[in-house]
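Q: Coordinates for the following, if possible.
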Amino acid sequence: MASPIPYLLSLITFLPLAGALVVTALAGDGPKKRAALVASLVTFLVSLLLWLAWENGEAGMQFVEDAAWLPAFHLRYHLGVDGISLFLVLLTTLLMPIAIYFSNKYVSDSIGPYLALMLLLETAMVGTFVALDLVLFFVFFEFSLIPMYFLIGRWGSGNRVYTALKFFLYTFAGSAVMLVAILGVYFATGSFDITELPSMAAKLSPTLQTWGFIAFALGFAIKVPLFPFHTWLPDAHVQAPTAGSIILAGVLLKMGTYGYLRFAVPIFPHAALQFGPYIAALAVVGILYGALVALVQKDLKSLVAYSSVAHLGFVMLGIFALNVQGMSGSVLQMVNHGISTGALFLMVGLLYERRHTRLLDEFGGLWKSVPIYCGFFLVVAMSSAGLPGLNGFVGEFTILLGMYLHQPVFAVLASLGVILAAWYLLTAFRKVAQGPLTNPANESNRLSDLKFDEIMMLLPLVLLFFIIGLFPNLFLDKINPSVEALVSQQAAIVQTAVVTK
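A: Have a look, this model is predicted:
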């Protein structure tokens with residue numbers, strides 16, 4: 001459906017790029033900080049028009065923009081959003097102002113280039129979620145590697161250069177394989193258009209179905225990351241600056257799970273059905289492995305990093321339930337993980353800026369000295385653990401319901417991950433906030449509680465915990481039509497193939 005607001009998606013995509021150019025041109029740290037924050041806030045406010053002008057019940061693409069890009073190669077500048085991508089765009093534009101405000105407050109080293117890279121990253125992420133041409137998608141998808149590589153390598157901590165290189169090589173290798181599959185799909189169908197390709201699935205030979213799916217699945221598995229392709233993630237989270245961790249967990253990892261829903265499953269439906277049980281099994285292993293490793297972490301940031309491996313396993317599990325309940329739950333859980341884990345990394349960053357350590361043994365009894373911080377920490381931890389009434393519960397329950405209808409054993413095993421999540425998150429909270437206050441560095445006269453502006457950074461995320469948890473249909477009503485269309489289309493293609501045989 002054509003956009004009721006001309007060029008709205010282009011505006012949302014490229015406003016951060018314009019902000020990056022302004023930041024680069026300005027002199028002085030103060031003007032650079034203000035320009036970056038204004039650019040990210042304006043982008044968020046403009047993106048809210050997607051929600052306000054959304055056509056409920058519409059399954060197809062909305063706000064579509066379509067123009068010739070490179071006609072000789074059948075490439076088009078084709079943008080659009082549906083219920084699967086809408087909230088990922090909004091999640092991106094919400095988290096970026098929070099990450100930039102935190103950076104303005106606590107990053108002082110070469111702040112101009114840092115902020116410009118953050119804004120460039122926002123353009124790449126939004127572009128990935130709205131691109132409807134395979135090559136255009138690939139350009140945005142790959143471009144996101146560059147800003148994050150420099151953010152980790154230049155402003156990270158510890159062995160940051162090695163970590164940045166590992167992050168880049170892992171994800172780039174997977175993308176290179178995916179590019180070969182993109183070309184294979186084009187030569188088989190004559191199209192790069194994402195909206196046309198699912199209906200052309202019949203043109204793909206069984207061999208191309210299989211190898212194309214494997215190539216796409218590998219590229220996205222590394223990005224998620226799906227066990228056992230997860231080894232780059234804990235290093236990247238621990239060494240990245242706080243804002244980088246917020247965006248990495250909140251948005252960048254969703255580019256992998258989104259890729260499965262947008263490309264791997266619709267374009268290769270037969271192969272998705274064939275390989276689905278194996279990927280679901282890996283997702284269950286990731287859920288349990290990530291949770292068990294999180295339990296033994298001594299570094300709070302490392303604990304949150306491994307929790308991402310576990311929580312994204314739930315997202316993958318829902319996708320390969322291959323039914324409406326599981327897939328809709330996965331889309332919602334992508335948003336839930338983004339705000340909950342983004343908030344967890346923000347909490348870790350706020351504590352680190354006060355104590356310059358993340359070791360759990362260095363804390364204890366903080367409720368006596370910083371009660372506001374601990375109150376927020378408890379709510380954020382409960383959101384991530386899936387407490388009923390908060391956002392995480394709705395997504396995980398819907399995913400488990402969908403998987404139970406498909407493969408009950410996987411659902412039962414994955415439910416153990418919910419118990420383990422409560423265990424490691426409550427253990428972390430206990431070690432940080434409860435017990436006696438024995439370390440003088442944690443006393444109230446040496447450790448300041450959250451300030452007003454820091455509360456304002458957390459408040460939008462905490463409000464969303466309750467809004468999604470109590471009123472999930474505000475979101476599912478927009479997600480479900482697109483997911484139902486995807487499931488119906490896949491079932492029709494598979495059924496046609498069976499009848500033909």
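
Q: Give me the local confidence score for H356.
A: pLDDT, H356: 85.

Q: Pull up the gap between L52 and F63, please.
A: 12 Å (C-beta to C-beta, to the nearest Å). (C-beta placed from N, C-alpha, C; glycine too.)

Q: Of those two, which one has the most company?
A: Using other C-beta atoms under 10 Å as the criterion, L52 and F63 rank with F63 on top: 27 against 7.

Q: name the element the more buried one belongs to?
A: Counting by DSSP states H and E, the element that carries F63 is strand 62-70.

Q: same deal with L11?
A: Using DSSP H and E, L11 sits in helix 8-25.

Q: Buried ones in that helix, by neighbour count?
A: 8-13, 15-17, 19-20, 22-23 (16 or more other C-beta atoms under 10 Å).

Q: Looking at these, spot the one nearest V380.
A: Among these, P16 lies closest to V380 (C-beta to C-beta), at 26.3 Å.

Q: was I right about the closest one contacting T123?
A: Yes - counting by C-beta atoms under 8 Å, P16 sits close enough to T123 to count as a contact (4.7 Å).

Q: Tell me where the model's unsure across the protein.
A: For the chain, applying pLDDT under 70 flags the ranges 1-4, 492-501.

Q: Just give me how far the top helix by length along the chain sits from the chain centre.
A: What stands out as the longest helix in the chain, according to DSSP state H, is helix 324-355. Its chain's average C-alpha position is 8 Å from that of helix 324-355, according to C-alpha atoms, centre = their mean, to the nearest Å.

Q: Tell me the helix or strand right after that helix.
A: helix 366-369.

Q: Need the residues that contact that following helix.
A: Y373, C374, V432, A433, Q434, L437, N442, E443, S444, L447, D449 (C-beta atoms under 8 Å, 6 or more residues apart in numbering).

Q: just curious, which of the residues you listed is nearest to L179?
A: Using C-beta to C-beta, the shortest approach to L179 within the contacts of helix 366-369 belongs to V432, at 44.2 Å.

Q: A strand includes that closest one, no?
A: No - counting by DSSP: H, G, I helix; E, B strand; the rest coil, V432 is located in no strand; its state is helix.

Q: Show the contacting residues for it.
A: Contacts of V432 by C-beta under 8 Å, 6+ apart are L300, L351, L360, F363, G364, L366, C374, F377.

Q: Quick check, the fourth one in contact with A428.
A: No - the criterion here is C-beta under 8 Å, and F363 misses it with A428 at 9.6 Å.

Q: Could you count how many residues lie near L183?
A: Neighbours around L183, by other C-beta under 10 Å: 12.

Q: my bad, should have said V394
A: For V394, using other C-beta under 10 Å, the count is 24.

Q: Which residue is the nearest non-sequential neighbour of it?
A: If the residues on either side of it in the chain are set aside, V394 comes closest to P472, at 4.4 Å by C-beta to C-beta, 6 or more residues apart in numbering.

Q: got it, and L179?
A: F138 (6.3 Å).

Q: Work out for me the element the one you found sits within.
A: Using DSSP H and E, the element containing F138 is helix 134-143.

Q: Equivalent analysis for L121, please.
A: Secondary structure from DSSP H and E places L121 in helix 111-130.

Q: ok so, going back, same list as before, the buried residues of helix 8-25 that is, but in a markdown table and with distance to W211 included.
A: Converted to a markdown table, these look like this (distance: C-beta to C-beta, whole Å):
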| residue | distance to W211 |
| --- | --- |
| L8 | 37 |
| L9 | 32 |
| S10 | 34 |
| L11 | 38 |
| I12 | 35 |
| T13 | 32 |
| L15 | 39 |
| P16 | 36 |
| L17 | 35 |
| G19 | 41 |
| A20 | 38 |
| V22 | 45 |
| V23 | 43 |
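
Q: Distance from the following helix or strand past the helix holding F138 to the middle of the chain?
A: Downstream of helix 134-143, the first helix or strand assigned by DSSP H and E is helix 145-155. Distance, stretch centre to chain centre, for helix 145-155: 18 Å (C-alpha atoms, centre = their mean).

Q: related to what we said a few turns ago, what's the spacing between the residue nearest to V394 and F141?
A: Distance, P472 to F141, using C-beta to C-beta: 29 Å.

Q: and what of G28?
A: Using C-beta to C-beta, we find G28 at a distance of 34 Å from F141.

Q: again, but for A343
A: Using C-beta to C-beta, one obtains 26 Å as the distance from A343 to F141.

Q: higher neighbour count, the two?
A: Neighbours around A343 and F141, counted as other C-beta under 10 Å, are more numerous at A343. The numbers are 29 against 25.

Q: quick one, phi psi at E196?
A: Note on E196: its backbone torsions stand at phi -90, psi -30 [degrees, to the nearest 10].

Q: Spatially nearest residue to it, not counting backbone neighbours?
A: Nearest non-adjacent residue to E196, counting by C-beta to C-beta, 6+ apart: T189, 7.7 Å away.

Q: Near the one you found, how many other residues are there?
A: The number of residues packed near T189 is 19, by other C-beta under 10 Å.

Q: for it, what are its contacts?
A: Contact partners of T189, counting by C-beta under 8 Å, 6+ apart, are E196, L197, M200, K203, L204.

Q: Would you mind checking these for buried ones?
A: Buried residues within those, counting neighbours by 16+ other C-beta under 10 Å: L197, M200, L204.

Q: from the residues you listed, which single one is nearest P266?
A: Distance to P266, by C-beta to C-beta, is smallest for L197 among the buried ones among the contacts of T189, at 7.2 Å.

Q: In this structure the closest one contacts S191, no?
A: Yes - using C-beta under 8 Å, L197 is in contact with S191, at 6.2 Å.
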